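below are the sequence and a predicted model; questions follow.
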Amino acid sequence: MVTESIEIQIPSFLGIHLTDDRVLLKPQPDLASQIGKILQWIRSDQIVGLNIPYLCDILPFISKEKQPETITIGKYISRFNPEKDPCIQINRAQDNMTAYLRCIPCDSDQKITIYDLYYNLLQNGIQRGFRTENLLRYMSEEGNSDWVLAAEGQEPESGEDGEIILHERLANRKQTTHFSFNNIVLVVKDEIIGQKLPAKPGKSGYDITGKILEDPVVQPRFPTGENTYTSESGLTLYAAIDGHIAWDGQSLSVEDTLRVPGDIDYNTGDIDYDGPVHILGDVRSGLSVKASKDIQVTGCVEGGNIYSKDGNILISNGINGFEKSKIHAGGNIYADYIQDAEIVTKGDLVVHRYISRCQVIASGKIQVEENGGLVRGGKLWSPKEIIVNVAGSSACIPTTLMIRPQLDENRLLEIEEMNHQIQQIELKQQRIRRRLDYLGLLEQRQNSLSLKHQGEARLLSEELIANSQQIMDMEDKVQATNSVGNTGINEGITVITIREKIYPGVKFIIGNQELLIQEEFTGGKIQLLNEKVLLRKADLPGIKEFRPHIQNSAY
């Protein structure tokens, strides 16, 4: 039966109404706010008789679909008698995870009920984790003044931290203190370069004040860098361009240009990269750099090889080829100087200081006209124009500057194959000569050779003669295949310009016509006129004609 109902005014907004034997609640859409207001009303008006554990621990967690239209939340409504207050003692732990309660004898003759205990716990800030079964058992044991666990929080369960999974090759690459091309992770556009496993939160806990407790988990930030993009879910990272992965420990980027921080040596290994390459050091002997696009070398090339399929090559500090370097470019080649190297470019060749003892084939112009502009020794071939400051040297070093139309690709391959065959025969000739030399020494020591050795020497001599004839025949064939005539060369147009000096020993070839310089000149312009190679001297207005020895020169 509801007591003191006349003296207690129940706010209508609480949704509480009474019957003869119970207190009913009509849940509102915002149930959490409704319960909060009820608890506040209980404290302020010192209300007992309501099932506070049910309001705090059970009702908020009943799904809305399963909630009835009205819910029993107590047996009666009354005010707490302050005389009972000294009889009830509560000890709340500092971490708010437990609270203990006991009832002790006091001056009040009022009987303490379970609802009095609920009210006192609520007044002490305890709003969750009630141990009703402990309190009911305690109340049944009259005279028991021991402490009983009245409320207890729940520790949160641990979750799992998130994780970033890097590209397999990046995660497994060897850790080295120097740059190594083997550690470079090459990727193509739209390739997966990283994935994120999101964190899995654990089960939340709570303390007795109702505070929700979470065991924090790490939600890793996806290390997105330049030239990358994520999936719609945000869990997969892709390369936005072709290139290689750059990982600085904080972000994943994809870079188009491969940057080598030092030299190309046996620590780095050879470079073979689909894209541009920038080398901040030198390229050492025996190493090669291949790229599909531009190659820039801040240092120099010392016996190394550089190949750019479609791009330009820039060698800031020049090339020391040591008769081993091959520099091939699909675009232009720029260098401070070049010596003892093979140069092939489908574009222009621009050299600042000098070219010395090099074999040069350029599909565009050849220019050597800054800071000296010297060409000395070797052969330069361009189908368009050659401009230098100085050609040859006072030591009469043979130097050839040639303007000839380029052969088609099939003829070039044919010439390359024949030259390779000639090299193989020459190597064989060297072995034969060494064997003949040995047999000659053996004959000197023994005064005669055995019949077996005599037969061997005769066969080797015959093979040597036959091979020599084969080499001459193949050289004639190379020369014939290489003959292009003067097609495409306009007569009277300057195709070779020497700005300062021409030394004896320099040979100019235009088409299949030659001009060998036999005295020193102060510069000049080389032209083809009437099927003859002519030199227009730089210091004379007219043309001084040389009658060259005409032959089909093979390059």
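Nice, thanks for sending it over. Only a predicted model underlies this, so the values are computations on that prediction, with no experimental measurement involved.

residue ranges with poor pLDDT in this structure?
Applying pLDDT under 70 to the chain flags the ranges 1-6, 171-178, 407-409, 412, 482-488, 490, 492, 538-555.

mind giving me the domain split of it?
12-152, 163-205+213-255, 410-479 (automatic domain parsing).

residue 307 is nearest to which of these?
domain 163-205+213-255 (14.6 Å; C-beta to C-beta). For the C-beta atoms, the positions are set from N, CA and C on the backbone; glycine is no exception.

ends of the closest one, how far apart?
One end of domain 163-205+213-255 to the other measures 24 Å (C-alpha to C-alpha, to the nearest Å).

same deal with stretch 511-523?
21 Å.

can you check stretch 110-117 too?
Per C-alpha to C-alpha, the first residue of stretch 110-117 is 13 Å away from its last.

show me what counts as buried in that stretch.
Within stretch 110-117, the residues that count as buried by 16 or more other C-beta atoms under 10 Å are 112-117.

mind putting the domains of the chain into CSV with distance to residue 270?
Output for those, formatted as CSV (distance: least, C-beta to C-beta, whole Å):
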stretch, distance to residue 270
domain 12-152, 64
domain 163-205+213-255, 7
domain 410-479, 23
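
and of those domains, who's closest to residue 293?
Taking the domains of the chain one by one with C-beta to C-beta, domain 163-205+213-255 is closest: 10.6 Å.

quick one: that closest one to chain centroid distance?
11 Å (C-alpha atoms, centre = their mean, to the nearest Å).

and stretch 44-53, by the same measure?
With C-alpha atoms, centre = their mean, you get 66 Å for stretch 44-53.

could you do stretch 113-133 as well?
62 Å.

what does it rub up against?
39, 42-43, 46-53, 56-57, 74, 80, 84-85, 88, 90, 92, 99, 101, 103, 135-136, 139, 148-154, 206-210 (C-beta atoms under 8 Å, 6 or more residues apart in numbering).

and the helices in the stretch 401-550 of the chain?
Using DSSP state H, counting those that start in this stretch, the helices of the stretch 401-550 of the chain run over 409-446, 451-482.

ditto for the chain
31-45, 52-53, 114-123, 132-140, 168-172, 409-446, 451-482 (DSSP state H).

now distance to residue 271 too, for those helices, in CSV please.
What follows is these, written out as CSV (distance: least, C-beta to C-beta, whole Å):
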stretch, distance to residue 271
helix 31-45, 65
helix 52-53, 74
helix 114-123, 75
helix 132-140, 75
helix 168-172, 17
helix 409-446, 25
helix 451-482, 34
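
nearest to residue 528, out of those helices?
helix 451-482 (18.3 Å).

excluding sequence neighbours, find me the nearest residue to the most centrally placed residue in the chain.
Closest to where the C-alpha atoms of the chain average out (C-alpha atoms, centre = their mean) is residue 245, at 1.5 Å. Nearest non-adjacent residue to residue 245, counting by C-beta to C-beta, 6 or more residues apart in numbering: residue 185, 4.3 Å away.

what is the burial count for that neighbour?
20 (other C-beta atoms under 10 Å).

am I right that it is in contact with residue 192?
No. Residue 185 is beyond contact range of residue 192, at 11.9 Å (criterion: C-beta atoms under 8 Å).

which neighbours do those two share?
Common neighbours of residue 185 and residue 192 (C-beta under 8 Å, 6+ apart) are residue 167.

residue 295 versus the residue nearest to residue 245, what's the distance?
20 Å (C-beta to C-beta, to the nearest Å).

now swap in residue 464 and tell me
In terms of C-beta to C-beta, residue 464 sits 44 Å off from residue 295.

likewise residue 519?
Counting by C-beta to C-beta - residue 519 and residue 295 are separated by 42 Å.

cool, residue 503 as well?
34 Å.

which one's more surrounded, those two?
residue 295 (29 against 20).

so the more buried one is in contact with residue 272, correct?
No. If you go by C-beta under 8 Å, residue 295 and residue 272 don't touch, sitting 11.7 Å apart.

coming back round to it: can you lay out the buried residues of stretch 110-117 as a markdown table showing distance to residue 144?
Output for these, formatted as a markdown table (distance: C-beta to C-beta, whole Å):
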| residue | distance to residue 144 |
| --- | --- |
| 112 | 12 |
| 113 | 15 |
| 114 | 14 |
| 115 | 18 |
| 116 | 16 |
| 117 | 13 |
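
residue at max distance from the center of the chain?
Distance to centre of the chain, C-alpha atoms, centre = their mean, peaks at residue 109 (82.8 Å).

and the gap between that residue and residue 82?
For residue 109, the distance to residue 82 - C-beta to C-beta - is 14 Å.

ok, now residue 298?
For residue 298 relative to residue 82 (C-beta to C-beta), the value is 89 Å.

now do residue 427
117 Å.

got it, and residue 376?
From residue 376 to residue 82 the distance is 115 Å (C-beta to C-beta).

do the same with residue 431
121 Å.

do the same with residue 466
131 Å.

and for residue 265?
Counting by C-beta to C-beta - residue 265 and residue 82 are separated by 91 Å.

out of these two, which sits in the busier spot?
residue 265 (17 against 10).

the more buried one contacts residue 287, correct?
Yes. The criterion here is C-beta under 8 Å, and residue 265 meets it with residue 287 at 6.4 Å.

any shared contact partners between those two?
Between them, residue 265 and residue 287 share no contacting residue, judged by C-beta under 8 Å, 6+ apart.

quick one: contacts for the residue lying closest to residue 263 once chain neighbours are set aside?
Leaving out its chain neighbours, the residue that sits closest to residue 263 by C-beta to C-beta, 6+ apart is residue 281, at 3.7 Å. By C-beta under 8 Å, 6+ apart, the contact list for residue 281 reads 260-264, 298-299.
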